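Engineer: quick check, what structure comes out for this input:
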Amino acid sequence: MKSSTKIIAHRGNACGAPENTLEAFRQAVELGAHGVELDVQLSSDGVPVVIHDETLERTTDGAGAVAEHSAAEITALSAGLWFDPPFPAARPPTLDAVLEVLSPAGLEIHLELKTDIHPYPGLAEAVAALVGRRALGDRVMISSFNHHTLKEVRRCAPELPLAALLSGRMIAPWDYAVREGFQALHPEYRSVDAELAENCRERGLALRAYTVDDAEAARRLMNLGLDGIMTNVPGRMLSLQQSLSL
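Structural biologist: The predicted structure follows:
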């Protein structure tokens, strides 16, 4: 039986290129991923930039907080010298640059707004404006661990679907999502079971799990009929999905 679970490249093809770079997103498109997931923060001059950590040290040759640097400063940093093999030309991109690359590809775009540590006032409005300007609202899903941020997105762009990221188990999360007006739940994959999948399905909620790199875990989730799995190894998961459909 063919699995309908979509394979979503977590931070692009993060196993083949530096995470959250244009190189990683281009690779995800070339592999045939059904979607990509990426992290969005706000520069000191109010530009949405794509980077996971709130600080620059782990994935770039810069130092300090993302929020304390301008977009020009951030996008001038190297984001690939640490990778093996190095990608000397890779830079942390702006969200607009990523959307330009992904726009013609036709895949789903999952934007995680990283406001769980730094609140980034104005991020929701800036992201919604970019998505609207590129007319990508039918392909974009906004997610966040900070569910107040999701409500901010709803206020400025009520047409955009919202996904609540969950780091652990909670009682009846499907009821919580319906009550809060969210369209999807994105839990950590080990907390996903048949009860969660069934209750989300009954309520019309999309269910996508992160971050699934293990084949046995992926097979279990596909068999539960999840809408999507986010993975650092999209090529491997696409091959697994194809093998299950034979």
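
Engineer: going forward, measure contacts and count neighbours with C-alpha atoms only.
Structural biologist: OK.

Engineer: just the CA atoms of whichever strand or helix holds Val40, as CSV, please.
Structural biologist: Counting by DSSP states H and E, the secondary-structure element that holds Val40 is strand 35-42. Output for strand 35-42, consisting of C-alpha atoms alone and laid out as CSV, is shown next (Å, rounded to 0.1, in the frame of the first residue of the first chain):
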residue,chain,number,x,y,z
GLY,A,35,8.2,20.0,1.3
VAL,A,36,10.9,21.9,3.2
GLU,A,37,11.1,23.2,6.8
LEU,A,38,13.1,26.2,7.8
ASP,A,39,13.7,28.5,10.8
VAL,A,40,13.0,32.2,10.7
GLN,A,41,14.3,34.9,13.0
LEU,A,42,14.5,38.7,12.7
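
Engineer: avg pLDDT for stretch 145-164?
Structural biologist: In this model, stretch 145-164 carries a mean pLDDT of 98.

Engineer: show me where the chain has helices.
Structural biologist: 22-31, 71-75, 95-102, 123-133, 147-156, 173-180, 194-202, 215-223, 234-244 (DSSP state H).

Engineer: what residues does the third one touch?
Structural biologist: This points to helix 95-102. When contacts are taken as CA atoms under 8 Å, 6 or more residues apart in numbering, the neighbours of helix 95-102 outside the stretch itself are Leu22, Phe25, Arg26, Val29, Val40, Pro48, Val49, Val50, Ile109, Leu130, Arg134.

Engineer: neighbour-wise, which of those leads?
Structural biologist: Neighbours here mean other CA atoms under 10 Å. Within these, the largest count is held by Val50, at 31 neighbours.

Engineer: that one touches Val40, doesn't it?
Structural biologist: Yes: shown here, Val50 and Val40 form a contact pair, counting by CA atoms under 8 Å, at 4.7 Å.

Engineer: and the residue nearest the centre of the chain, bridged to which residues?
Structural biologist: Compute the mean C-alpha point of the chain, and by CA atoms, centre = their mean the closest residue is Glu37, 2.5 Å away. Note on Glu37: beta-bridge partners His10, His110, judged by DSSP bridges.

Engineer: would you agree it is in contact with Leu111?
Structural biologist: Yes: checked against CA under 8 Å, the pair Glu37 and Leu111 is within contact range at 6.0 Å.

Engineer: overlap in contacts of these two?
Structural biologist: When contacts are counted by CA under 8 Å, 6+ apart, Glu37 and Leu111 have no shared neighbour.

Engineer: how deep is Ser70 tucked in, by neighbour count?
Structural biologist: The burial count assigned to Ser70 is 16, neighbours taken as other CA under 10 Å.

Engineer: meant to ask about Gly204, not that
Structural biologist: In terms of burial, Gly204 registers 13 neighbours under the definition other CA under 10 Å.

Engineer: distance check, Val12 against Ile74.
Structural biologist: Val isn't right for residue 12; it's Gly. Gly12 sits 19 Å away from Ile74 when distances are taken as CA to CA, to the nearest Å.

Engineer: more neighbours: which of those two?
Structural biologist: For Gly12 versus Ile74, neighbours defined as other CA under 10 Å are more numerous around Gly12 (31 against 26).

Engineer: and that one, what is it in contact with?
Structural biologist: When contacts are counted by CA under 8 Å, 6+ apart, Gly12 touches Glu19, Asn20, Thr21, Ala24, Phe25, Arg26, Gln27, Ala28, Val36, Glu37, Leu38, Asn232.

Engineer: return the set of buried residues in stretch 168-185.
Structural biologist: Buried positions in stretch 168-185, judged by neighbour count with 16 or more other CA atoms under 10 Å: Pro173, Trp174, Ala177, Phe182, Gln183, Ala184, Leu185.

Engineer: got the CA positions of it in PDB?
Structural biologist: Provided in PDB are the C-alpha atoms of stretch 168-185 (Å, rounded to 0.1, in the frame of the first residue of the first chain):
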ATOM      1  CA  GLY A 168       6.400  16.500  24.600                       C
ATOM      2  CA  ARG A 169       3.200  14.800  25.400                       C
ATOM      3  CA  MET A 170       0.100  16.700  26.500                       C
ATOM      4  CA  ILE A 171      -3.400  15.700  27.400                       C
ATOM      5  CA  ALA A 172      -5.800  15.800  24.400                       C
ATOM      6  CA  PRO A 173      -3.700  18.000  22.200                       C
ATOM      7  CA  TRP A 174      -6.200  17.600  19.400                       C
ATOM      8  CA  ASP A 175      -8.900  19.400  21.600                       C
ATOM      9  CA  TYR A 176      -6.300  22.100  22.400                       C
ATOM     10  CA  ALA A 177      -5.600  22.700  18.700                       C
ATOM     11  CA  VAL A 178      -9.300  22.900  17.700                       C
ATOM     12  CA  ARG A 179     -10.000  25.300  20.600                       C
ATOM     13  CA  GLU A 180      -7.100  27.600  19.700                       C
ATOM     14  CA  GLY A 181      -8.000  27.500  16.000                       C
ATOM     15  CA  PHE A 182      -4.800  25.800  14.800                       C
ATOM     16  CA  GLN A 183      -4.900  23.600  11.700                       C
ATOM     17  CA  ALA A 184      -2.100  21.200  12.500                       C
ATOM     18  CA  LEU A 185       0.000  19.600  15.300                       C
END
